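Chemist: okay, sequence plus prediction incoming.
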Amino acid sequence: MALSRLFNQERVPVFTGISLCTSAAVETFIVWLATALPGSGTNGIGGVVAGGFLVVAGAVINVVAGTIANWRHEYWGGRIAACGTAAWFVTIAVLLFR
């Protein structure tokens, strides 16, 4: 039943797709950054700055896209954006406290 509500929407869920792609791209960058840079020296500092900027920019994109998706009554539009942003912070917390 949930999949039929997802696939049989009146409008194409454009903003849900935008937030989903943004969430996947930022999550991929966070995991790549954690594995590519050992976290020491200048490269580590630059990686943290770039990752922080990307998380902030991605959060702004997800908030805007999730709000518009919720306003357009896209199925799970705002929740997908919120879950994507939460996944970033969980991943960052696991990487910091491992």
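Modeler: Structure received. Numbering: from 1, shown residues only.
Chemist: and the next helix or strand past the lengthiest helix in the chain?
Modeler: Selection of the longest helix in the chain by residue count, based on DSSP state H, yields helix 41-71. Next helix or strand after helix 41-71 toward the C-terminus (DSSP states H and E): helix 77-96.
Chemist: from the contact counts, what lies against that next one?
Modeler: Packing contacts for helix 77-96, counted by 3 or more C-beta pairs under 8 Å, 6 or more residues apart in numbering; DSSP states H and E, involve helix 14-36, helix 41-71. Backbone N, C-alpha and C define where each C-beta goes, glycine included.
Chemist: out of those helices, the one nearest residue 82 is which?
Modeler: helix 41-71 (6.3 Å; C-beta to C-beta).
Chemist: before we move on, back to that, return the most buried member of the helices and strands packed on helix 77-96.
Modeler: For the helices and strands packed on helix 77-96, the stretch with the most neighbours on average is helix 14-36, a mean of 17; neighbours defined as mean count of other C-beta atoms under 10 Å.
Chemist: how many degrees apart are it and helix 77-96 in direction?
Modeler: Our comparison of helix 14-36 with helix 77-96, counting by axes from the mean of the first three to the mean of the last three C-alpha atoms, to 10 degrees, yields an angle of 10 degrees.
Chemist: tell me what helix 14-36 is packed against?
Modeler: helix 41-71, helix 77-96.
Chemist: quick check: closest non-adjacent residue to residue 11.
Modeler: Nearest residue to residue 11, sequence neighbours excluded (C-beta to C-beta, 6 or more residues apart in numbering): residue 72, at 6.2 Å.
Chemist: what's the burial count for that neighbour?
Modeler: Taking other C-beta atoms under 10 Å as the neighbour definition, residue 72 ends up with a count of 16.
Chemist: and it, how far from residue 43?
Modeler: Distance, residue 72 to residue 43, by C-beta to C-beta, to the nearest Å: 42 Å.
Chemist: got a list of what the most centrally placed residue in the chain touches?
Modeler: The residue at the geometric middle of the chain, judged as the C-alpha nearest the mean C-alpha position with C-alpha atoms, centre = their mean, is residue 23 (2.2 Å). With C-beta atoms under 8 Å, 6 or more residues apart in numbering as the criterion, the residues that contact residue 23 are 58, 62, 80, 81, 83, 84, 85, 87, 88.
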